[in-house]
Structures are given as C-alpha cells and as structure tokens.
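# A predicted structure for the sequence below; I have some questions about it.
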Protein chains: 2
Amino acid sequence: MTENTAPVAGPAPAPQDPLEKFVAVIPAGGVGTRLWPLSRAAAPKFLHDLTGSGSTLIRATYDRLTPLAGGRFLVVTGEAHRAAVCRQIPELDAANLVLESEPKDSGAAIGLAAAILYRRDPATIMGSFAADQVISPDGVFQAAVREAILTAASGERGKIVTIGIEPTHPSTGFGYIRGGEPLDVAGAPSARAVVEFVEKPNLEVAEKYLASGEYLWNAGMFVAPVALMLEHLAANQPELYAGLTEIAEAWDTLARDEVAARVWPTLPKIAIDYAVAEPAAAAGDVAVVPGAFRWDDVGDFAAIGRLNSAREAERVTVLGEGARVFTEDASGIVVSDTKRVIALIGIEDVVIVDTPDALLVTTTEHAQKVKNAVAGLKASGDLDVL
Amino acid sequence: MTENTAPVAGPAPAPQDPLEKFVAVIPAGGVGTRLWPLSRAAAPKFLHDLTGSGSTLIRATYDRLTPLAGGRFLVVTGEAHRAAVCRQIPELDAANLVLESEPKDSGAAIGLAAAILYRRDPATIMGSFAADQVISPDGVFQAAVREAILTAASGERGKIVTIGIEPTHPSTGFGYIRGGEPLDVAGAPSARAVVEFVEKPNLEVAEKYLASGEYLWNAGMFVAPVALMLEHLAANQPELYAGLTEIAEAWDTLARDEVAARVWPTLPKIAIDYAVAEPAAAAGDVAVVPGAFRWDDVGDFAAIGRLNSAREAERVTVLGEGARVFTEDASGIVVSDTKRVIALIGIEDVVIVDTPDALLVTTTEHAQKVKNAVAGLKASGDLDVL
C-alpha cells in the first residue's frame, strides 16, 4: 500500500522565478460529439485543424504554451490516441504522456498530473489547459498565464488560479466565475479573488451576469501549485487522491504500467470543478485572472463558421485541404475530409460535414443538435461511424 | 455511293395484324444534367433506378414495351454505354443495338432506326420511346400504344402518331401538341388529327392551353410506318437522309462498323421534331392518341421526390440500397449511391445526392438549377465528376 499522507502546501517557493517551476498540463479528452462526423471517438476534436491554421488544436495548444513551459509538459489522453498525439507532439517524452485506459473525467486526469509532478518536484506550479480550445492572440493569452503563475506562487500557500474569459455575450453554454476583491500580487495586477463558481445559467440570469461586469466564463483553465491542488483533492476526494498517489509513486519507475493498469479503472469519476475548484473557492484559495484574449471552445459547427470568418465574403466557409466546392446562391460552412466535389445550390446557413464514411447536413441554427444524431446512431447500432 | 431514292409510303399493309409489324425503338441518350451527380456522362439517367422499383429506367422501358413488341427492339445509345445497356438488356442482339460514336440528336438516332428497319421490312411500324421516362400503369400505356399502332397503319399512307400526355398542370417545361378532329380508326377511338406542335409556353399561355382542353404534352413518343417517317425525313433533311440510308444499307452486312464509323460523324444534328414531326404535321400526316397514364420525364430531383411519394409520411424520401440515413426535424430527398451514414438535422425540403466522388446539396425549389453546377464544374475543369 501507498503511504497516504496528504501534502500540506508549504511556504511559498524560494525567491526564484516562479515561471521556472511552471509545467503545462494538457488534458486531451472528449470526443466533441457536436462536431460529429468530423470529430469522433477515433479522431476527436483536438486532432483536427478547425481554424484553417495548418495546426491541429492540440499542436496549437502546445505551441501556445511553449514560450512559458519550455519543454515542461504533461499530456493526458486516451490510450487510443497515443500514436496520433505522438505524431502531433513528437518531442514529448513517454514519461510525460499519461494514457488513460478508460475515461475517468477531469478530476482523475488533472489530479494524476498534479500527483506525478508533485513527486518530481513539490514546488511545481502546474497549469492545465484543454487541448481543444481556440485562443488568440497568443501574446495576450501568455500574459494572462504569466499573471496566473505569479498569483499561484503568491502568499504563504499560493493560490489556485483560474483564467476567466471576459464574456462577449450572455452565453448559456458556459459556467461562470464570480470575481471578488482585487489581490495585491506583484506582476499580476489583474488578479482577483474568486467568490464562487456558478453553473451554466439560463438566458435571463446570463444577461444579469453580463450586465453586472462581475462574472467571467469558466474555460476550465487552472494554474496552481501542485501541493495546493493535492491538498484540496485529498480533503474532498480521499479515495481518488489515494489511487492517484499510488499511480504517481510508481510513475517514474518500472512499475508504472502495472500499477496504472490496476488502479486507474478503480478510480471514481468526478470533474475537477467539484473535486477541487469549488471547495477550494469556498475555502478562499482560488483567484482569477481575466483573459482578454479571444477564446472559443469550438462547441459546434457554428463556432467553426465564426472562427473562419476571414473568408466570410465568399458566404460559404470552406475547411479542408482537398475540398472542391461549387456554390450558387448558398451560404454556410463546408468541412471536408475528402476530395469529393461538393455542390451547394440555393441553400442558406447550411452546415455540411463530409467525411469518407459519414455526411452531416444541418444548419448553423441547429448545430447544437448534432449530438442527437450521434445518440440516434448509437441507438440504431451504427457504431462504425461514431 | 448509296442509291439515294426516297421511299414513298405505299398502300396500307396487307390485312394482317399491324401489331405484328411493330418494332419498339428505344433512344437511350441524354446525360440528365439536372440529375447530377447521380446522372452523369458515364452513368446517365436511364441507367438508374429512380423510382425505387428495382429496375433501371431503360429496363423498365423495355419491359413495358415487351407485351407489344415481343423481342422486336432496336436500342440506340452512346458507345460508352454499350456494356451497361447489354447488362440491362442481355436479350438484345448486337444487330439491334445502335451505338453512336458521338451524339447527333434525335433526328439521326430515330432516323437511323427507321432506315435500318425499313431495309429489313418496309412495312415495319416503329414506335420510339425514350429510355428515361417513368410511366404507370403499364396497361394504360400499352392500350394507348395499341391505338397508336392501329392509327399508324390506317388509311392509304398511314400516320405518324404521337402519344400526347393529358396535362395535369400548366407546365412550362414541355412542348404541347394541339389536337384536332377525331379520326375514324377502327380500334383507335381516341385518335385525333394533330393541328400543330407548339414550343414550351410561358405560364400564361400554358394556363390557356390547360383550360382549352385542346392541348396535350409532347412526350416525344412517335409511332409510325418507317416508310412514312423516311419520306418526310428525305423531304426535309435530304443530307441526313442520305447519310442514314448509307449506314442502314451496310447495317446488316460486314461493312456495318466501317460505314457507321465513317458516315455518322458527318451527319447534321437536328431534333426529330424539326426533321420530321412538325413538317409532317403541317402536311396533315400526324395524329395523336391521348395517354391517360401517369408520365414523368424525371427532369430534376423534385420529380424524384414526387415519384417516390409512397414514403412521404417519413418526410424524407430515401433512394439507394445501401443508404443509412438519420433524420431529425428534416424533410426532402436523399439519393445515395454510397453506404455512408447521412445525418440530416433541422433542414427542410433539402435535396441530397451522395455519390462516391461528388455530393450535391440543394432544395426541391432549386432542383432545376443543378445544371448550372454542371456548367460551373465544366468551366472550372472538374471534368472527372461530370
């Protein structure tokens, strides 16, 4: 058995640069059901170039964090995506690629990263950033992360720092972060306390949030001393904490695979928000740095239209290298994974996603309902295209 | 050189049954551009099952005529379709399959059939029926053709008899036939003289035609003694007549291929309507038998929706054996040539045609504009999918 002693966040790191203690964690999970049939179990969202930039979302995430993390990364993904992730990030060492034998939600994924990094260096400051978000410009994002790192390293115990997105509309699709009093952190002038995290609101509530100016979107970005993360995890989810600790202690040894294979399937499924962030906020240990960058979680195909608006003059946005598209009196989005000719005639706001074995035709207005198609195909046994 | 003497329609055939002199001619040409990408140069409309009957249009045409023609058929098609037509009509003898080395319009195609049949038996009554029309019920059609055959064999010189379709709406997409006085033909009580053929009218004129009760749609069906067909062809298109005669004289000899290859490319392009039907009508040699059967030339994908209305309750009509279609809040037509999963969500009156190398997305309202896509793709050099 593993010795199951919760860490106690020690005094603030020695007066070296906290940035040198920063390790970027990239959880790469989630199929992106609302982006079916482009995104699917075998080729999830983070493995696609959804912005026409030439980079997949996971590679863009890695590149965006490299100026801050140097080569210090930990990527957490499903076993099925090992080869694809290695192709995308060939510089990643095997010891820094955590492969989940089955999905266990973000509590286990981010918690294990924290536990592994803690064993390597208890003074590590981790920053967790999902592999499937679109952010620009990189410089504004990096400045916010820098403030978050300095805030995470501040004070006696440090802080769990979330980067909140300044809302541009009363979204009902995101959770919100309610900011409080400004904190007085050197080099992090925009850091504030977090009063609470709140669930996805209805439209009326979302409009109030927007008008108040007190709320930010919760993009699931956390920057924190690994010790503080683990302290809250141990307090709130002792079973999960024990299992993660056992895996982490074996991680940089020959027993890694055996222990992970045995323990991982036994872990409880819980989101990091419930396992750490919300109780930590209630304890006054959470801060927020507002991010003024453009952010999109590419939740559906309508988002892909927005993200590729540079070509809007043509009325039909086309994504896909080999696409050959003919349009007449048409508008919308074509995402093509094939070299087929696609002709659109007399149809507005259409969304067409063309892959070798599945075709989706919908409208930007109905883009959120794509998950229903996935559920329906699952029910009808068409598992080969999911 | 061929001896170029125009035949003169002789006395009516001996009092044997004119039905025994009947040979069915099936011109199988026309790409069906408005049915792209299903119908295309390599796989034109007549080679598809557009009604879900299990038969291609050409096979259904052949089967519909067999009770009248027995095995007496002549099929005229492009050289590229030789194998496909033989697969569809394996019982067809090579001598009865006329292969065009290049398209020459209906005057040459139907004229050559008349000339070949005349050489075999000058008393032949030919009936020409396009390979790509949908007709039901067969019995009503066959009764009309029987009347047409008896009318074609009537009187001294016989008649060129067209079968006119009783219009169901003021179509602007068809030419019309103006009927005149009833003829007194034994066994053909509905036969009438034809006053004139008229071109596709505008809507206002079409409404007058419909209200008058004097007009029928011109479906391009002709039943006539071959001698009378050739007499008018010789009078109106002597050059075409001479070329066709030269080919026809060589047809049932070893010189067939050589002569056809040499002469066919030199023939003028003209529709049978201008080469024979209209001048013959002006000369009082044309009769019409109204057809009360259901008739559709499957001009566009909206027609395919109408023809498959039995499944209308499902709101999305699906054509294609391997199709796997998921729909939610959707209506329209899916024609699938692939086994791909197709998901339609929140889109009305859509037309989706899915083939291995080309995809069309339009609406029933815009179905007629599909030919523009073909023109556009031709202009952009995407010839591989046309």
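Great, that's in hand. Residues are numbered from 1 along each chain as shown, chains lettered A, B, ... in the order given.
# Do a quick rundown of the helices in chain A.
A:57-69, A:82-88, A:105-120, A:138-152, A:203-212, A:226-236, A:238-251, A:256-263, A:272, A:278-282, A:301-307, A:370-379 (DSSP state H).
# Could you point out which of those sits nearest chain B?
helix A:370-379 (4.1 Å; Cβ to the nearest Cβ). Yep, even glycine has a C-beta here, placed from its N, CA and C like the rest.
# Which other helices and strands does that closest one contact?
strand A:358-363, strand B:324-336, strand B:341-354 (3 or more Cβ pairs under 8 Å, 6 or more residues apart in numbering or on different chains; DSSP states H and E).
# Next, the buried residues of that helix.
A:370-374, A:377 (16 or more other Cβ atoms under 10 Å in any protein chain shown).
# Stretch A:328-345 now?
Neighbour count says stretch A:328-345 has A:328, A:330-338, A:340-345 buried, by 16+ other Cβ under 10 Å.
# contacts with chain B among the residues you listed, please.
Among those, proximity to chain B is found for A:328, A:340-345 (Cβ under 8 Å from any Cβ of the partner chain).
# now, which of those sits nearest A:L99?
A:R340 (34.7 Å; Cβ to Cβ).
# where does that closest one fall, phi/psi-wise?
Dihedral angles of A:R340 (phi, psi; degrees, to the nearest 10) stand at phi -70, psi 150.
# Do I have it right that it meets B:D354?
No - under the contact definition of Cβ atoms under 8 Å, A:R340 does not touch B:D354, with a separation of 9.1 Å.
# Report the separation between A:I160 and A:T61.
As defined by Cβ to Cβ, to the nearest Å, A:I160 lies at a distance of 20 Å from A:T61.
# Up against chain B, what does the stretch 251-386 of chain A have?
Close to chain B, as judged by Cβ under 8 Å from any Cβ, the stretch 251-386 of chain A has residues A:324, A:326, A:328-329, A:340-347, A:350, A:352, A:354, A:356-363, A:365-366, A:369-370, A:372-373, A:376-377, A:380, A:382, A:385.
# Break chain A into its domains for me.
Using automatic domain parsing, the domain ranges for chain A come out as A:18-296, A:301-385.
# Select from those domains the stretch with the lowest mean pLDDT.
The minimum mean pLDDT among the domains of chain A belongs to domain A:301-385 (a mean of 85).
# circling back to that earlier point, okay if I get the helices of chain A as JSON lines plus distance to B:G107?
JSON lines is the format used below for the helices of chain A (distance: least, Cβ to Cβ, whole Å):
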{"stretch": "helix A:57-69", "distance to B:G107": "61"}
{"stretch": "helix A:82-88", "distance to B:G107": "61"}
{"stretch": "helix A:105-120", "distance to B:G107": "74"}
{"stretch": "helix A:138-152", "distance to B:G107": "69"}
{"stretch": "helix A:203-212", "distance to B:G107": "68"}
{"stretch": "helix A:226-236", "distance to B:G107": "85"}
{"stretch": "helix A:238-251", "distance to B:G107": "83"}
{"stretch": "helix A:256-263", "distance to B:G107": "78"}
{"stretch": "helix A:272", "distance to B:G107": "78"}
{"stretch": "helix A:278-282", "distance to B:G107": "83"}
{"stretch": "helix A:301-307", "distance to B:G107": "51"}
{"stretch": "helix A:370-379", "distance to B:G107": "51"}
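# re earlier: export the domains of chain A to TSV and tack on distance to B:R72?
What follows is the domains of chain A, written out as TSV (distance: least, Cβ to Cβ, whole Å):
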stretch	distance to B:R72
domain A:18-296	52
domain A:301-385	42
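# wait, which of these is closest to B:A292?
domain A:301-385 (34.7 Å).
# Tell me who's in contact with the closest residue to A:L203 other than its chain neighbours.
In space, and not counting its chain neighbours, A:L203 is closest to A:T172: 5.6 Å by Cβ to Cβ, 6 or more residues apart in numbering or on different chains. Taking Cβ atoms under 8 Å, 6 or more residues apart in numbering or on different chains as the criterion, A:T172 is in contact with A:200-203, A:206.
# Would you mind measuring from the closest residue to chain B within the stretch 151-300 of chain A to B:R146?
For the stretch 151-300 of chain A and chain B, the shortest gap (Cβ to the nearest Cβ) falls at A:D300, measuring 11.1 Å. Distance, A:D300 to B:R146, by Cβ to Cβ: 61 Å.
# quick one: which of the two has more around it?
A:D300 (22 against 19; other Cβ atoms under 10 Å in any protein chain shown).
# which residue packs closest to the more buried one, ignoring adjacent ones?
A:A367 (3.9 Å).
# Measure how buried the closest residue to chain B within the stretch 201-350 of chain A is and give me the count.
Residue nearest to chain B within the stretch 201-350 of chain A: A:G346 (3.1 Å; Cβ to the nearest Cβ). A count of nearby residues for A:G346, using other Cβ under 10 Å, gives 20.
# do you know how far it is from A:T327?
Counting by Cβ to Cβ, the gap from A:G346 to A:T327 is 10 Å.
# okay, the helices and strands packed on helix A:370-379 in a markdown table with distance to B:P18 next?
Below are the helices and strands packed on helix A:370-379 laid out as a markdown table (distance: least, Cβ to Cβ, whole Å):
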| stretch | distance to B:P18 |
| --- | --- |
| strand A:358-363 | 53 |
| strand B:324-336 | 41 |
| strand B:341-354 | 43 |
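# Quick check: closest non-adjacent residue to A:Y274.
A:G107 (7.3 Å).
# For the one you found, grab the count of nearby residues.
Neighbours of A:G107 (other Cβ under 10 Å): 24.
# ok, back up a step: pull the contacting residues for the residue of the stretch 151-300 of chain A closest to chain B.
A:34-35, A:367-368, A:370.
# Redo these as a markdown table? Include distance to B:I116.
Converted to a markdown table, the contacts of A:D300 look like this (distance: Cβ to Cβ, whole Å):
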| residue | distance to B:I116 |
| --- | --- |
| A:R34 | 63 |
| A:L35 | 60 |
| A:A367 | 60 |
| A:Q368 | 64 |
| A:V370 | 58 |
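# Just the buried residues of those.
A:34-35, A:367-368, A:370.
# how about the residues you listed, which pair is most distant?
Between all members of the buried ones among the contacts of A:D300, the farthest pair (by Cβ to Cβ) comes out as A:L35 and A:Q368, at 11.1 Å.
# could you measure A:V75 against chain B, distance?
31 Å (Cβ to the nearest Cβ, to the nearest Å).
# so that residue touches A:V85, yeah?
Yes - counting by Cβ under 8 Å, A:V75 does reach A:V85; the two are 6.2 Å apart.
# what touches both of those two?
Contacts common to A:V75 and A:V85, judged by Cβ under 8 Å, 6+ apart, are A:28, A:58, A:92, A:97.
# The third one: neighbouring residues, count only.
Looking back up the chat, that one is A:L92. 17.
# swap in the second one?
By the other Cβ under 10 Å criterion, the neighbourhood of A:I58 contains 25 residues.
# Ok, the first one next?
Under the neighbour criterion other Cβ under 10 Å, A:A28 is assigned a count of 28.
# contacting residues around it?
With Cβ under 8 Å, 6+ apart, A:A28 has these contacts: A:44, A:46, A:58, A:75-78, A:81, A:85, A:130-132.
# ok, now the last one?
By Cβ under 8 Å, 6+ apart, the contact list for A:L97 reads A:74-75, A:77, A:82, A:85-86.
# of those residues, buried ones?
A:74-75, A:77, A:85.
# Setting aside sequence neighbours, what's the nearest residue to A:V194?
A:V194 sits nearest to A:V286 (Cβ to Cβ, 6+ apart), 4.2 Å away.
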